[in-house]
Every structure is written in C-alpha cells, then in structure tokens.
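1. I would like the atomic coordinates for the input below:
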Amino acid sequence: MGRVGRAGARAAVLAALLIAAVVVVLVVDLPSADAVRSRVEGTGAVGLVLVTLGVALALLGPVPRTALSLLLGAVVGFWAGVMASVIGAVLGGLAAFGLSRVLGREAVTRLAGPRVLAVDRVLTGRGFVPLLVARVMPVPFSLTSYAAGLTGVPLGTYTAATALGVVPGSVLQVAVGASAGRLLGWATSPGGLLVEGAVLLLLVAGGVAWWRRRSRPSQAPGTR
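-> Got it, this is the predicted structure:
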C-alpha cells in the first residue's frame, strides 16, 4: 500500500471513530434527566465515573462541550458536574491528541481540512499559552485536540493547558445547568404547577377581556 493509500486508510479509521461517537451521543435513546440523576446517585462513585467517560467519548466527535456541561449541571448537580466536565474534557482531549499522533498528519489533515492546518500553524512552536487560549475561547474542542496532536507540543504541556483552560467554562456552564435543573424541578412540583395554573388563568382571563373590549362596537359621538 502506497503513501496515499495508507493516509486514506487512516483517515477512514478516524472518520469511523468520529461517526461512532456521534451515533452514541445522538442516536441512542437517552433516559430523562431525573432517571439519570437517580441512577448516578444510586451507584455512587461508579455512576459518576461512567458519566465522566461518556463526556470523554462524546468529545472525540464534534459535540459542543458547552451543551455537555449544561446537561451535567442539570443532571448531576454543580460539584459533581464540574468534576465530570473537567475530567471528561481532559480524558477526551488526551484520547483525541493520541489518536491524531498515531494516525498521522496526512490522515487528520485529509479528514478535517484547512481548519486543522490553521490551528497547527498557531500552536507549533508556541506551546502552552496558545493551547490555554484555545481551551478558554469558544473554539471547537475536538478540532483543537486533533490539531494539537499534529504539533510538537509535549504531552505534559498539552495536558496542563487543557486542564486549566476548561475549568472557567465548566464552572460557569455547569452552574447555569444546575440552576436550570432546579428551576425545572420546581416547575414540575405541585406548588410550581399551582402557580403556573394561576398565572395561566390570569393570562386567559386578561386575553378574553381584551378581546371582548376590542370586539365591542364603538358608539357614535353623541349617542347613548
């Protein structure tokens, strides 16, 4: 097999892995947030480990890390969500980094195209700071991971920049998700449903009164 053939085979392997990650995240019938929360709490540390590994697997593909962190906050709460978000991001980033180095520059660049080459040019010869900025900024997580694997950035530098860079976003996003989860829990409670019903009745009554006022024929001036 020639050089072009080997690069094509490696690109096919990487594409298959990415497709598998997307299928697991998007196609599998996932349980509800309450069901996941109950299972995680019931299994203790084992459940949190499985959630963390799921985050790492998802980040091998083009899955937005922001969406995962928001979901973690709603499902497992703030502290557990931050832990799973940060550790899962580091593990997923390391896996993509390693795959990129094993499969080689040709396979990755043929699959991802000029975007990886652009990130490669920014990271090569600079190391920690550009990686840290890329992790803090809203740059696609998997793209940065695969591109970093093409450079000569040491593994330790890459790991440190990834671990530090994902913390601010994880804390903020998981906090928002946890707040949304608590709001959803209140909205579906008996008290929340009662308040929502009262507000709905007021809105309907106000709408009916407004419609009747608009529909009433106006009287001509000077008439009673």
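
2. Lowest-scoring secondary structure element of the chain by mean pLDDT?
-> helix 3-26 (a mean of 64; mean pLDDT, DSSP states H and E).

3. Would you mind pulling up the elements that the lengthiest helix in the chain packs against?
-> Ranked by residue count under DSSP state H, the longest helix found in the chain is helix 155-187. Counting contacts by 3 or more C-beta pairs under 8 Å, 6 or more residues apart in numbering; DSSP states H and E, helix 155-187 packs against helix 65-76, helix 78-103, helix 128-136, helix 190-215. All C-beta atoms are positioned from the backbone trio N, CA, C, and that covers glycine.

4. Domain-wise, how is the protein divided?
-> Per the record, the chain has its domains at 3-174, 188-218, by automatic domain parsing.

5. Lowest mean pLDDT across those domains, which one is that?
-> When the domains of the chain are ranked by mean pLDDT, domain 188-218 comes last with a mean of 66.

6. give me the number of residues near residue 66?
-> 17 (other C-beta atoms under 10 Å).

7. for the one 4 residues further on, same thing?
-> Burial of residue 70 is recorded as 22 neighbouring residues (other C-beta under 10 Å).

8. cool, the one 3 residues further on as well?
-> Around residue 73 sit 28 other residues, with neighbours defined as other C-beta under 10 Å.

9. Could you pull up the residues touching the closest residue to it other than its chain neighbours?
-> Distances taken as C-beta to C-beta, 6 or more residues apart in numbering put residue 177 closest to residue 73, at 2.4 Å, once the chain neighbours are dropped. Applying C-beta atoms under 8 Å, 6 or more residues apart in numbering to residue 177 gives the contacts 69, 70, 71, 72, 73, 74, 75, 81.

10. just the buried members of these?
-> 69, 70, 71, 72, 73, 74, 75, 81 (16 or more other C-beta atoms under 10 Å).

11. Could you dump the residues you listed into TSV with distance to residue 90 added?
-> Output for the buried ones among the contacts of residue 177, formatted as TSV (distance: C-beta to C-beta, whole Å):
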residue	distance to residue 90
69	13
70	19
71	18
72	14
73	18
74	22
75	20
81	15
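
12. Just flag the most distant two among these.
-> The most widely separated members of the buried ones among the contacts of residue 177, counting by C-beta to C-beta, are 69 and 75 (10.8 Å).

13. shared neighbours of the two, anything?
-> 81, 177.

14. and which of the contacts of residue 177 is nearest to residue 211?
-> Using C-beta to C-beta, the contacts of residue 177 come closest to residue 211 at residue 74, 38.0 Å.

15. That closest one is in contact with residue 180, isn't it?
-> Yes: counting by C-beta atoms under 8 Å, residue 74 does reach residue 180; the two are 5.6 Å apart.

16. ok, for residue 66, nearest residue in space, not its chain neighbours?
-> Closest to residue 66 by C-beta to C-beta, 6+ apart is residue 173, at 5.5 Å.

17. do the same with residue 170
-> Nearest one to residue 170, counting by C-beta to C-beta, 6+ apart, is residue 85 at 4.0 Å.

18. Hmm, the one you found is touching residue 67, no?
-> No: in this structure, residue 85 is not within contact of residue 67 by C-beta under 8 Å, at 11.1 Å.

19. Show me which of these two is the more surrounded one.
-> residue 85 (30 against 13).

20. In contact with the more buried one, which residues are there?
-> Residues in contact with residue 85 (C-beta under 8 Å, 6+ apart) are 55, 65, 68, 69, 72, 166, 170, 173, 174.

21. from the residues you listed, which is closest to residue 39?
-> residue 72 (14.1 Å).
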